[in-house]
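Undergrad: any chance you could fold what I've pasted below:
(one chain, ligands or ions: 2)
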Amino acid sequence: MLDFPNAKINIGLFVTSKRADGFHNLLSCFYPVQWMDALEILPAAWNSFDMTGLPVPGDPDSNLCLKAYKLLQQDFNLPPVQMHLHKVIPMGAGLGGGSSDAAFALRILNKLFELDLRAGALEDYARQLGSDCAFFVRNKPVIASERGDVFMDAALDLKGYTCVIVYPGIHITTAEAYGSIKPSQPDCSLEMLLKQDVKVWKKILVNDFEKALFPKYPELPFIKEKLYEAGALYASMTGSGSAIYGLFEGEAPIDFPFPDHYLIWKGLL
Ligand SMILES: C[C@](O)(CO)[C@H](O)COP(=O)(O)OP(=O)(O)OC[C@H]1O[C@@H](n2ccc(N)nc2=O)[C@H](O)[C@@H]1O
Ligand SMILES: Nc1ncnc2c1ncn2[C@@H]1O[C@H](COP(=O)(O)OP(=O)(O)OP(=O)(O)O)[C@@H](O)[C@H]1O
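TA: Ligands and ions are numbered 1, 2, ... in the order given. A predicted model of the protein is given here:
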């Protein structure tokens, strides 16, 4: 069975407090975007896993797709599978690519072997694999709270907007980003802020990680400024970076003044 794990962007991200378990509570709108990997899982005589596309750092045995298989294997007597992951979404970008692969692996295995797990049960498995992972089971716009894994549907429809995502090749680990953050509370509820016109988001919505990371990586505010100069109504870093996105009404410009090694994705929301 073949599927296409997609990325997400965060629209507004407030890190509100540090928790007793070492994680942070946050408030953020997660919005799916169609920058996608490809993941195929087939029944096989023995287990195998291989990858193509962007190189994924670390031991392949610790790949989140395999972790997803092993997690379900603890509760279900799964037959062996061959998995193939084609990696397109950059890592350390705040786009949640690894988390999406893991959630899609759970979804595919659920269908392939007719495990009959409902969305709630799949989300519970996903939470064990990473904070962002549960979102990709739902995969529609939500306001996430707590560890980023408790959701409320977001009444936000950006159909017709074009999203441009720029990844400058700076790998920021999530742990590094949270390590430099100072928690703060938003003045007003995120739902209220998102109800305002996209044109005013620039003045009212923030990603708290920008304050912590922009002074350390000056390329990042530069990219954001260039997206605004190109006509974006709203631009922001996604998650804990380093990708920066811009939202354009209708079509986006074709050319951006970025170096060749940057990865740029453009698509309709
Ligand atoms: C920045 C976001 O992408 C926003 O969507 C997420 O909060 C990141 O979620 P993630 O990559 O799935 O993170 P995890 O793999 O669960 O955690 C990696 C590390 O990030 C930190 N972490 C993560 C999520 C969270 N709510 N608080 C944290 O402090 C912890 O140090 C943790 O050890
Ligand atoms: N299938 C996978 N795809 C990508 N990274 C994976 C995968 N499995 C394990 N990893 C590990 O997870 C790390 C980063 O994952 P991810 O792509 O989710 O980054 P991210 O976009 O910064 O995540 P987030 O938005 O959740 O902070 C990689 O450096 C890699 O070592």
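
Undergrad: that's a helix at Arg227, yeah?
TA: Just so we're on the same page, residue 227 is Leu rather than Arg. Yes. With DSSP: H, G, I helix; E, B strand; the rest coil as the criterion, Leu227 is assigned to a helix.

Undergrad: can you read off the pLDDT for it?
TA: pLDDT recorded at Leu227 is 97.

Undergrad: try Ala252
TA: For Ala252, the predicted pLDDT is 89.

Undergrad: how much space separates the residue nearest to it when sequence neighbours are not counted from ligand 2?
TA: Closest residue to Ala252 apart from its sequence neighbours, by C-beta to C-beta, 6 or more residues apart in numbering: Thr162 at 4.3 Å. (C-beta placed from N, C-alpha, C; glycine too.) Per C-beta to the nearest ligand atom, to the nearest Å, Thr162 is found 21 Å from ligand 2.

Undergrad: helix or strand: which one has Thr162?
TA: Of the helices and strands defined by DSSP states H and E, Thr162 is found in strand 161-167.

Undergrad: do you know the pLDDT at the residue nearest the centre of the chain?
TA: Nearest to the mean C-alpha position of the chain, counting by C-alpha atoms, centre = their mean, stands Gly96 at 2.8 Å. As predicted, Gly96 sits at a pLDDT of 98.

Undergrad: over to Phe256?
TA: Note for Phe256: predicted pLDDT of 88.

Undergrad: am I right that it sits in a strand?
TA: No. Applying three-state DSSP, one finds Phe256 to be coil, outside a strand.

Undergrad: spit out the contact partners of it.
TA: Each residue near Phe256 by C-beta atoms under 8 Å, 6 or more residues apart in numbering is listed here: 164, 166, 226-227, 230, 264.

Undergrad: please pick the buried ones from the residues you listed.
TA: Buried by 16 or more other C-beta atoms under 10 Å: 164, 166, 226-227, 230, out of the contacts of Phe256.

Undergrad: for these, which one is nearest ligand 1?
TA: Closest approach to ligand 1 among those (C-beta to the nearest ligand atom): Val166, at 17.1 Å.

Undergrad: and Lys111, what does it touch?
TA: Contacts for Lys111 (C-beta under 8 Å, 6+ apart) come out as Met1.

Undergrad: re earlier: tell me which strands the strand holding Thr162 pairs with, and in which orientation.
TA: Its sheet considered, strand 161-167 pairs with strand 244-249 (antiparallel), strand 263-268 (antiparallel) by DSSP bridges.

Undergrad: list the contacts of the first one.
TA: Taking C-beta under 8 Å, 6+ apart as the criterion, the residues outside strand 244-249 that touch it are 9, 33, 158, 160-166, 168, 198, 220, 223-224, 227-228, 230-238, 252, 269.

Undergrad: count of neighbours near the nearest residue to Glu191 once chain neighbours are set aside?
TA: Spatial nearest neighbour of Glu191, chain neighbours left out: Ile143 (6.3 Å); criterion: C-beta to C-beta, 6+ apart. A count of neighbours around Ile143, defined by other C-beta atoms under 10 Å, yields 21.

Undergrad: could you number the chain from 781 rather than 1 from now on?
TA: Let's use 781 as the start, then, which means that last one is Ile923.
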